[in-house]
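Novice: Sequence first, predicted model second:
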Amino acid sequence: MDPHLVAVVVGLLQGVFEWLPISSEGNIAIALTALGTAPGVAVSYALFVHLGTALSATAYYRDEVRDALASWSSLHPASAFDSETATLSFVVLATAASSAVGLIALLALEALVSELTGGAFVALIGGLLVATGVLQRVADARTLATRETPNAVDALLVGGLQGLAILPGVSRSGTTTSALLLRGHDGPASFRLSFLLSIPAALIGGTVGVVRAGGLGVGPSAGLVALVVAAVVGYATIGLLMRIVRRVAVWVLCVGLGALAIVGGLLV
């Protein structure tokens, strides 16, 4: 298939799936594997297009990003999680935790992918999707909003879970939002913190994934097409899809997609 057409499809999927807690990386990797792409290259490509939706999230949350950066001058270790600097402190500490856990997870993923066939790789993604869906179901059932600002425990827990989301099938938004809900944050605050945290994570993860893979396996023009499509579609859909996520039991979709992937992978 023409790499530019594949790039458009990948960008469209990323622009929509990033805002749904169903692992955009995992589903894009499954789609690329079905098109004959090697598992390692599929993961690299799926990580790369997160750079496009990082731009979408930055534009959509521009006021929150500006306010967080404006509090930088007031940031001090002794008062890092005071109300004025809590969001920035959360993002900084959680990003550090994500980077540490994510690097370990990436090394493990590279070793694992090199040993898996296409079918086994798809089945693995399916299993991780099911696990993500179960976590979301638990969070939905036990949520009780009791807190207004994040603290250091939130940052380390959510950051560590986000690092694990470099594994295809582990939904970044699903796991981080669920963790924040279980920690006592309400729905809107959990989504806001999750997607603010996604911006540095996408920039770091996308860059590291491509560098370690030695490229995308497609030309630079196709890669640019995928980024642009992901950014434009992502910005156009983020508001609508986040409203849908708040009202619909998306965990059912996550478990369903995971089950299909497991069955399909085992049948290949």
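Specialist: Thanks, I have it. Since we're looking at a predicted model, the values are computed, not measured.

Novice: in the protein, which ranges drop under the pLDDT threshold?
Specialist: Counting by pLDDT under 70, the chain has low-confidence residues at 78, 143, 209, 212-217, 268.

Novice: Show me the helices in it, by range?
Specialist: With DSSP state H as the criterion, the chain has helices at 3-17, 24-34, 39-48, 50-60, 62-70, 86-113, 118-142, 152-164, 172-182, 187-213, 220-247, 250-267.

Novice: Tell me which of those sits nearest to Pro77.
Specialist: Of all the helices of the chain, it is helix 86-113 that lies closest to Pro77, at 9.2 Å by C-beta to C-beta. Heads up, the C-betas are built off the backbone N, CA and C, glycines and all.

Novice: counting contacts, what elements does that closest one pack onto?
Specialist: helix 39-48, helix 62-70, helix 152-164, helix 187-213 (3 or more C-beta pairs under 8 Å, 6 or more residues apart in numbering; DSSP states H and E).

Novice: Mean neighbour count and distance to Ala54 added to these, as CSV?
Specialist: Below are these laid out as CSV (neighbours: other C-beta atoms under 10 Å; distance: least, C-beta to C-beta, whole Å):
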stretch, mean neighbour count, distance to Ala54
helix 39-48, 25, 11
helix 62-70, 13, 11
helix 152-164, 21, 13
helix 187-213, 20, 4
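
Novice: Redo these as TSV? Include distance to His4.
Specialist: Formatted as TSV, the entries for those read as follows, by distance: least, C-beta to C-beta, whole Å:
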stretch	distance to His4
helix 39-48	13
helix 62-70	30
helix 152-164	31
helix 187-213	18
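
Novice: I figured Ala131 hits Leu167, correct?
Specialist: No - here Ala131 lies out of contact with Leu167, judged by C-beta atoms under 8 Å, at a distance of 10.1 Å.

Novice: Verify the stated contact: Ala123 with Leu260.
Specialist: No - counting by C-beta under 8 Å, Ala123 does not reach Leu260; the two are 10.6 Å apart.

Novice: Test my guess that Ala31 contacts Gly11.
Specialist: No - with the criterion set as C-beta under 8 Å, Ala31 and Gly11 do not qualify as a contacting pair; they are 11.9 Å apart.
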